[in-house]
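**Student:** Pasting a predicted model and its sequence here:
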Amino acid sequence: MIPVMLTVAMIILALAMLACLFRLLKGPTRSDRVAALDSIGIHVLAMITVFSMLLDTQDFIEVILVIGILTFIGTTALARYIERGAVIEDGGNPNDR
């Protein structure tokens, strides 16, 4: 019964990821695209976790952590780029420090 429920969870996550992919491609604003990209990263995390549960192993924990960190950093960098126009500022104005 549990493997069937985990397989259904994988299918639902895949469908949700397809919906986020649609929003990523057709999103009217950059903010929608960043949110969709972040959601896709979270769905990938969830799918790897469910797959790990399905295989009954803990070998994917490091992969889950790395993808989570990269998703967070990527979302933060994209949000900063949308807000300020640059991810890393050159420090030209001393009043900004």
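**Tutor:** Looks like it came in fine.

**Student:** Nearest residue to the residue sitting nearest the centre point of the chain in space, please, no chain neighbours.
**Tutor:** In the chain, the centroid-proximal residue (Cα atoms, centre = their mean) is G41; its distance is 1.9 Å. Spatial nearest neighbour of G41, excluding adjacent residues (Cβ to Cβ, 6 or more residues apart in numbering): T71 at 3.3 Å. All C-beta spots, glycine's among them, are computed from the backbone N, C-alpha and C.

**Student:** which residues does the one you found contact?
**Tutor:** T71 makes contact with D38, G41, I42, V44, L45, according to Cβ atoms under 8 Å, 6 or more residues apart in numbering.

**Student:** lowest-confidence helix or strand of this structure?
**Tutor:** Across the helices and strands of the chain, mean pLDDT, DSSP states H and E gives its lowest value to helix 61-84, namely a mean of 90.
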